[in-house]
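Starting from these lines, generate the structure:
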Amino acid sequence: MSVSAFHEAPSQGLLIDSSPSLPNIMHLLEPRNSREHVEAFAAAVRAGLSREPKTLPFEYFYDDEGSRLFEAICKLPEYYVTRTEDAILRRHAPDMVKCLRRADGPLGEPTLVELGSGSAVKTRRLLAAALKRCGRLDYVPIDVSASALEESAGQLARKFPGLGITGYVADYRRGLERIMATAAGPRLIVFLGSSLGNYTMEGASDLLSMIGGLMGESDRLLLGTDMAKDAPLLEAAYDDSMGVTAAFNLNLLHRMNRELAADFRPDGFRHRAVYRPDRGRVEMHLVSLRDQSVQIPAARIAVRFREGETIHTESSHKYTLGMLAELRGAAGFVEESAWTDHRGWFRLQLWRRAG
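I've put the predicted structure just below:
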């Protein structure tokens, strides 16, 4: 798969830099000021805040400011996830990319596809190992934040001259469907961090099934998962002493003010993180500090909050080996290899489609 294979007609609304020395960035999501985006966001907010208990969809964390704050979270001393996963990648990246092979004949370049790429800092270990193994490689990151994608793609293009980069500003489904229909070479789909944990077990199974349904016999999925551990360690990771995670959570209110003309007073809410071992997850909430009412004109609702009432904004599931086996079987995968740190805090696993 060459970079040029991804060029799309301008009439399809995709923004492309056709320079061969720069990454191609394709936009499959509607702009945030478009009517389609505002209507979808408003509908999600109306549905979530009309429930008891109230919820907001975690997917809306990641506007440009949310993505910036999340990158800051990854550097915090309490947030062990990034450091632990990076140590595993540093040690085992060459083994993780053995499924990729040098292009031969019409198969096209080997391809590394990344879901939720963000800054792609950890991914560099896999890219370096794959380029050493294959000589050339196509890297196709998918992220909902255009600014994060453009910045990381530019940095990677300068660092790895043998890397062809085509980035997709897209959700996972739309991005993967486009990529998997086009990329002809052997493909490694990479889903790092603990992002799978944001989904319910049913939602995670659905997502993995979708990914598996697009994979061929020679394709592999490299999946990162955070493992269950003691409550104090987990709660500190999601409620850091510097308040960065709190700012990340409260940014949802700022975003609704910006994009939906809401009148949230963010100082009227506080961040709370709690580990629920009975549900196998850390939950993040926004807690109302007083009785208050909020107008959200774009969603055509007014929402009343009681003092102490919460909005459940995110779950982060912490897996056991049994939970992973259940997900793997339900989604139709077989495990080929797995790597973990010496404490068993984090796990990376290489899966292929069953049968």
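
Show me the chain divided up by domain.
Domains of the chain are assigned by automatic domain parsing as 21-27+72-229+322-353, 35-71+231-317.

can you put the ones you listed in TSV and add mean neighbour count?
The C-beta positions use only the backbone N, C-alpha and C, and glycine is treated the same way. Converted to TSV, these look like this (neighbours: other C-beta atoms under 10 Å):
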stretch	mean neighbour count
domain 21-27+72-229+322-353	19
domain 35-71+231-317	17
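
can you redo those as TSV with mean pLDDT?
TSV is the format used below for these (pLDDT from 0 to 100):
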stretch	mean pLDDT
domain 21-27+72-229+322-353	93
domain 35-71+231-317	97
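
How about the contacts made by Cys74?
81-82, 121 (C-beta atoms under 8 Å, 6 or more residues apart in numbering).

redo that, cut-off 7 Å
For Cys74, the contacting residues are Thr82, by C-beta atoms under 7 Å, 6 or more residues apart in numbering.

Against Asn249, how distant is it?
Cys74 is 15 Å from Asn249, where distance means C-beta to C-beta, to the nearest Å.

just Asp143 next, same as before
For Asp143 relative to Asn249 (C-beta to C-beta), the value is 20 Å.

can you give me the helices in the stretch 1-150 of the chain?
For the stretch 1-150 of the chain, the helices defined by DSSP state H, counting those that start in this stretch occupy 35-49, 64-73, 80-96, 123-134, 146-159.

so which of those comes closest to Arg343?
helix 80-96 (7.9 Å; C-beta to C-beta).

CA atoms only for that closest one, dumped as CSV, please.
Only the C-alpha atoms of helix 80-96 are listed here, as CSV (Å, rounded to 0.1, in the frame of the first residue of the first chain):
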residue,chain,number,x,y,z
TYR,A,80,1.4,4.3,35.8
VAL,A,81,-0.3,3.1,32.7
THR,A,82,1.8,4.9,30.1
ARG,A,83,5.2,4.2,31.7
THR,A,84,4.3,0.5,32.3
GLU,A,85,3.1,-0.1,28.7
ASP,A,86,6.1,1.8,27.3
ALA,A,87,8.5,-0.4,29.2
ILE,A,88,6.9,-3.5,27.8
LEU,A,89,7.1,-2.1,24.2
ARG,A,90,10.7,-1.1,24.7
ARG,A,91,11.6,-4.7,25.6
HIS,A,92,9.4,-6.6,23.2
ALA,A,93,8.6,-4.5,20.2
PRO,A,94,10.6,-6.6,17.8
ASP,A,95,8.6,-9.7,18.7
MET,A,96,5.3,-7.8,18.4
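
list the helices and strands it packs on?
Applying 3 or more C-beta pairs under 7 Å, 6 or more residues apart in numbering; DSSP states H and E, one finds that helix 80-96 contacts helix 123-134, strand 220-226, strand 333-340, strand 346-353.

who's in contact with it?
Contacts for helix 80-96 (C-beta under 7 Å, 6+ apart): 74, 122, 125-126, 129, 192-194, 222, 224, 226, 237, 337, 339-341, 345-346, 348, 350.

how close does the residue sitting furthest away from the middle of the chain sit to Arg304?
Centroid-distance maximum for the chain: Asp291 at 34.4 Å, with C-alpha atoms, centre = their mean. Here Asp291 is placed at a distance of 8 Å from Arg304 (C-beta to C-beta).

same thing with Asp63?
26 Å.

same deal with Ala354?
Applying C-beta to C-beta to Ala354 and Arg304 gives a distance of 49 Å.

before we move on, back to that, thought Gly308 was touching the residue farthest from the centre of the chain, still the case?
No: judged on C-beta atoms under 7 Å, Asp291 makes no contact with Gly308 at a distance of 9.5 Å.

so who does the most centrally placed residue in the chain touch?
Against the mean C-alpha coordinate of the chain, by C-alpha atoms, centre = their mean, the closest residue is Gly116 at 3.3 Å. The contact partners of Gly116, taken as C-beta under 7 Å, 6+ apart, are 143, 193, 195.

Next step: these restricted to strands.
Of these, the ones assigned to strands by DSSP state E are Asp143.

Now flag whichever of the contacts of Gly116 is closest to Met242.
Checking those one by one against Met242 (C-beta to C-beta), the nearest turns out to be Gly193, at 20.0 Å.

you'd agree the closest one is up against Gly224?
Yes: applying C-beta under 7 Å as the test, Gly193 and Gly224 come out as touching, 5.6 Å apart.

re the thing from before, adding distance to Pro232, write the contacts of Gly116 out as a markdown table.
What follows is the contacts of Gly116, written out as a markdown table (distance: C-beta to C-beta, whole Å):
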| residue | distance to Pro232 |
| --- | --- |
| Asp143 | 32 |
| Gly193 | 22 |
| Ser195 | 23 |
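
Span of stretch 50-62 from start to end?
Distance between the two ends of stretch 50-62: 22 Å, counting by C-alpha to C-alpha, to the nearest Å.

err, stretch 297-317, not the other one
End-to-end for stretch 297-317, by C-alpha to C-alpha: 33 Å.

Give me the residues contacting it.
38, 42, 45-46, 49-50, 53-56, 58, 194, 197-198, 238, 249, 252, 260-261, 280-296.

Would you mind measuring from Asn24 to Leu156?
13 Å.

One more: Arg279?
Taking C-beta to C-beta, one finds Arg279 at 37 Å from Leu156.

Repeat that for Phe264.
For Phe264 relative to Leu156 (C-beta to C-beta), the value is 37 Å.

So Gly135 is in contact with Arg102, correct?
Yes: taking contacts as C-beta under 7 Å, Gly135 lies within contact range of Arg102: 5.8 Å.

Look up how far Ser34 lies from Met284.
For Met284 relative to Ser34 (C-beta to C-beta), the value is 28 Å.
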